[in-house]
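Participant: got a sequence here, can you build the structure:
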Amino acid sequence: MNRRRPRPHTDWCARDHRCNLAEHRAEEIVVDLPGHGQAVLTRVLVDGGGEYADVRLRIALAPAEPAARRQLGTLLGDLRTLVTRATLAGRPAPDRYRRGAA
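Facilitator: As a prediction, this is how the structure comes out:
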């Protein structure tokens, strides 16, 4: 049987039932806008050692179909921008910025 040793808890880990299935999860950060939507962000360390942000969104859609479709289109476009910006923010800064050169 192939059993892996559990990874030790991180300093940001919730250290409770959220740590399971060979991953560690932080406490959730919840942004709630009653009547409009909710966002839940959780930091996750997976079995392979990589860290991820787990993001769940619930957004109230307009009752009229055309408006709801516009909202969904806007949401998809903005999510693409958000993922791209977050990914780029994690890359090392170019040498010209690290050395303070103009």
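Participant: which regions of this structure lie under the pLDDT threshold?
Facilitator: Scanning the chain for pLDDT under 70 picks out 1-8, 17-18, 21, 96-102.
Participant: can you name every helix or strand that the biggest helix by length in it contacts?
Facilitator: Using DSSP state H, we find that the single longest helix of the chain is helix 65-89. Taking 3 or more Cβ pairs under 8 Å, 6 or more residues apart in numbering; DSSP states H and E as contact, the helices and strands that helix 65-89 lies on are strand 51-59. The way it works is simple: take the backbone N, C-alpha and C, and place the C-beta from them, glycine included.
Participant: can you list the buried residues in the strand it packs on?
Facilitator: Buried residues in strand 51-59, counted by 16 or more other Cβ atoms under 10 Å: none are found.
Participant: now do that strand and helix 65-89, the angle between them.
Facilitator: Interaxial angle of strand 51-59 relative to helix 65-89 (axes from the mean of the first three to the mean of the last three Cα atoms, to 10 degrees): 160 degrees.
Participant: quick one: strand 51-59 to chain centroid distance?
Facilitator: 4 Å (Cα atoms, centre = their mean, to the nearest Å).
Participant: now tell me what touches that strand from outside.
Facilitator: Contacts with strand 51-59, where a contact means Cβ atoms under 8 Å, 6 or more residues apart in numbering, come from 25, 36-46, 71, 75, 86.
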